[in-house]
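Q: Predicted coordinates and the sequence they were generated for:
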Amino acid sequence: MRLFDRNATSPLGRLDVRLKMAVGFSMSLLVVLVDGLPMLAAVAMIGAIVFALGRPNGSQVKLVGVTLALVVWGLMLSQGIFYSRFPRHALVVLVEPNWLFRDGLKIYTQGIHYGLVQSLRFVAMALVGYAICFSTEPDRFLRGLLAMRVPFSLAFMATSAIRFLPLMAEEFRTVHLAMRMKGYRPFRNGIRDTVRVEVASLRPVLAGTIRRSQEVALSVLTRGFTLDARRTSLSDDRFGAWHWTALAGMIGLVGAIAACKVLFWLYQHELYYAAALRPLYALVREWL
């Protein structure tokens with residue numbers, strides 16, 4: 001079984017590429033439009049459902065889990081320390097006030113809450129993005145871009161770049177394995193030595209990538225490949241009625257939320273107010 005067969009045959013993997021791109025674009029708009037913590041949590045839950053529909057394997061779950069955990073922790077900690085709005089209450093005092101830090105260095109409760117809210121935006125978008133990448137094979141991605149009238153030259157370059165990502169990851173893993181067999185251990189000799197060695201490990205990966213790209217370019221040229229010739233595909237991805245229905249539903253949902261936010265913004269800035277829209281104003285204030 002190939003690496004991504006499990007993802008490609010999942011419910012999300014069988015979905016049309018254009019519809020998956022629409023899901024990603026809709027999620028990118030939702031995470032910007034929604035501000036309330038409950039709704040952001042709901043959007044993040046939707047992202048988790050989309051990710052689960054891609055049937056990720058154990059390695060993918062571990063990769064995504066570790067990445068998102070680091071991002072959430074980093075955002076909450078950084079916002080907790082550098083939160084500048086008022087009111088704010090110190091949860092932990094790291095450094096007492098001194099000549100360098102006039103107010104000291106503290107972790108604020110409101111900052112942690114704000115960091116959690118902001119991290120949910122990233123979590124929701126990252127889950128959907130990972131799911132689309134894991135469940136979309138390069139050839140289907142190419143067909144989807146061509147069906148969206150993307151020029152073949154741009155679609156071909158994007159697909160080629162995607163094909164190189166797993167190879168680069170495997171080569172980076174091989175380099176690290178060789179370094180560990182020679183006795184290398186991160187942070188054993190300090191941060192400076194670790195950074196120097198990690199940067200040096202990128203050189204063979206970069207060299208291998210350049211060599212492989214040259215081989216691919218030579219292979220393409222020797223086969224008479226050109227970007228101007230007309231091409232056909234063995235399979236033609238058609239946008240069915242239920243695809244259009246799902247797309248219309250996403251457009252309607254995002255459009256309705258955007259309209260509600262615009263009406264509430266007009267009300268806040270005293271540009272437009274309608275008494276009949278008071279329930280809508282309350283809904284947006286409490287949830288959106």
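A: Nice, thanks for sending it over.

Q: Would you mind giving both backbone torsions of the residue nearest the centre of the chain?
A: By Cα atoms, centre = their mean, the chain has its centre lying nearest to residue 126, at 2.9 Å. Dihedral pair for residue 126: phi -70, psi -40, per degrees, to the nearest 10.

Q: now residue 137
A: Main-chain torsions, residue 137, degrees, to the nearest 10: phi -70, psi 150.

Q: quick one: pLDDT of it?
A: Confidence at residue 137, expressed as pLDDT, is 78.

Q: go on, residue 234?
A: The model's pLDDT for residue 234 equals 56.

Q: so where's the stretch 151-288 of the chain shaky on pLDDT?
A: Within the stretch 151-288 of the chain, the stretches with pLDDT under 70 are 162, 165-166, 220, 223-237.

Q: cutoff 80 now
A: 151-173, 184-195, 197-199, 201-202, 205, 208-209, 212-240, 243, 288 (pLDDT under 80).

Q: In this structure, which residue sits furthest out from the middle?
A: Max radial position in the chain (Cα atoms, centre = their mean) goes to residue 99, at 41.4 Å.

Q: now it, what's its secondary structure?
A: coil (DSSP: H, G, I helix; E, B strand; the rest coil).

Q: returning to that earlier point: would you enumerate the residues in contact with the residue lying closest to the residue nearest to the centre of the chain once chain neighbours are set aside?
A: Leaving aside its sequence neighbours, residue 126 sits nearest to residue 68 (Cβ to Cβ, 6 or more residues apart in numbering; 6.1 Å). Bear in mind the C-beta positions are built from the backbone N, C-alpha and C, glycine included. For residue 68, the contact set (Cβ atoms under 8 Å, 6 or more residues apart in numbering) comprises 122-123, 126-127.

Q: any idea which of these is closest to residue 168?
A: Set against residue 168, the nearest of those by Cβ to Cβ is residue 126 (19.6 Å).

Q: residues in contact with that closest one?
A: Residues counted as contacts of residue 126 (Cβ under 8 Å, 6+ apart) are 47, 64, 67-68, 71.

Q: Output the residues you listed as JSON lines; include the columns pLDDT and secondary structure.
A: Listed next are the contacts of residue 126 as JSON lines, based on pLDDT from 0 to 100; DSSP: H, G, I helix; E, B strand; the rest coil:
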{"residue": "47", "pLDDT": "90", "secondary structure": "helix"}
{"residue": "64", "pLDDT": "84", "secondary structure": "helix"}
{"residue": "67", "pLDDT": "82", "secondary structure": "helix"}
{"residue": "68", "pLDDT": "87", "secondary structure": "helix"}
{"residue": "71", "pLDDT": "85", "secondary structure": "helix"}
